[in-house]
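Undergrad: Build me a structure from this.
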Amino acid sequence: MIPDGNSRYRFLPLLAFLLLAAVTAACTPPPSSPGAQSALQIAAVPVTYSGEIASFDNGNMVEFPFLATYRGMQGERWLGRPFTRAFADPDLGWTMQIFEYGVLAQDPGDGHIFLLKISDLLARRQSGVPVRKESACSYAQETGHNVCYEFREYVRVAGAEHFGQPVSEMTMDSDGILYQDFEYTRLQWVGGGIVRERCGETFFIQRGYDRTLREPAVSAAGPAAGITQLFASLARPTLRPGEMQTLQVALTDPTGAGIPGVELQVTLEENGQALLEISLPLTDSNGLASLSFKVPEADPGTRIRVIVQGTWESTPLESVAEFEVWW
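TA: Model (predicted):
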């Protein structure tokens, strides 16, 4: 039998695989270390809640429809600060708000709000692999991936609901950093412990969104002591023409108490042109007032400004909120 002159090349892929496995094994985090407990040491970001508004130190806010979900999932720890305001993505078909560590999305068709499986949209999901026969590993049958060593301990301590199922194996990037992708996030082994990638920011960059989405909303922070404050908020950030939008306002004096009996005017404006002018009911004993109005006809993607104005004790009042016309 004549030996195949190219047979030695058949071993090159196997050799490369073995080398990669050896390098990965050499850099594998230990099965147990103090770093695993860092899952319980994630500091909550500073946030001020005022009624239906959450204001952050970067100037951005979380409002309806995402506020209740954000609070319910301890977003201060697990999503971090809002990286954008709420906006409509016509390609994906959802209303979304991007945070430092994830993305909340809403299907306008049924109003359902969910945590986006960001790794799929970032094309990070890998094909399934066999079970690893190691006591320090667990296997996810749903996705066909192992979670081992410090990654497994971190997920166990923190709670798997914050990360979802693993969608890749433990992998080393070009900078020598071990990481593993899960449905909602990427975990990295850095400096002897686990850290979360700011995957919301990664998502924003890779999707190529308009940078102006990062700018704080035109409305000011919520009611606060020390100044007379008028704050306007809208029930929905995106609607179709003909649907009903709800406006809520809060008027507070310098002590933070509500100011009753004040009449306020509302103007809907598109590109500086008034579309509708209406009056709010007088503010109640808590300084609150609300009304619903039908969204006027406008092209998809149009941003409509809702301008609320009035006067109290010769002090001019104004607050502005915006919503986007849906496709």
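Undergrad: Show me the shaky parts of the protein.
TA: Flagging of the chain using pLDDT under 70 yields the residue ranges 1-41, 51, 217-227, 256.
Undergrad: quick one: the helices in the stretch 101-250 of the chain?
TA: Secondary structure of the stretch 101-250 of the chain (DSSP state H, counting those that start in this stretch): helices at 118-121, 149-158, 199-207.
Undergrad: Please identify the deepest-packed of the ones you listed.
TA: Looking across those with neighbours counted as mean count of other Cβ atoms under 10 Å, the highest average goes to helix 149-158: a mean of 21. In short, each C-beta sits where N, CA and C put it, glycine included.
Undergrad: how much distance is there from that one to the middle of the chain?
TA: How far helix 149-158 lies from its chain's middle: 23 Å, per Cα atoms, centre = their mean, to the nearest Å.
Undergrad: hmm, back to that, for the helices of the stretch 101-250 of the chain, give me JSON lines that also has distance to Leu282.
TA: Converted to JSON lines, these look like this (distance: least, Cβ to Cβ, whole Å):
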{"stretch": "helix 118-121", "distance to Leu282": "45"}
{"stretch": "helix 149-158", "distance to Leu282": "49"}
{"stretch": "helix 199-207", "distance to Leu282": "41"}
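Undergrad: For Pro65, find the nearest of the ones you listed.
TA: Closest approach to Pro65 among these (Cβ to Cβ): helix 199-207, 17.9 Å.
Undergrad: Mind listing residues that contact that closest one?
TA: 79-80, 83-84, 89, 98-103, 116, 118-119, 121-122, 184-186, 213-214 (Cβ atoms under 8 Å, 6 or more residues apart in numbering).
Undergrad: likewise stretch 132-140?
TA: Residues outside stretch 132-140 that contact it (Cβ under 8 Å, 6+ apart): 31, 131, 145-149, 152, 165-166.
Undergrad: just the buried members of those?
TA: 145-149, 152, 165-166 (16 or more other Cβ atoms under 10 Å).
Undergrad: Which member of those residues is positioned nearest Glu63?
TA: Checking the buried ones among the contacts of stretch 132-140 against Glu63 by Cβ to Cβ gives Gln165 as the nearest, at 30.5 Å.
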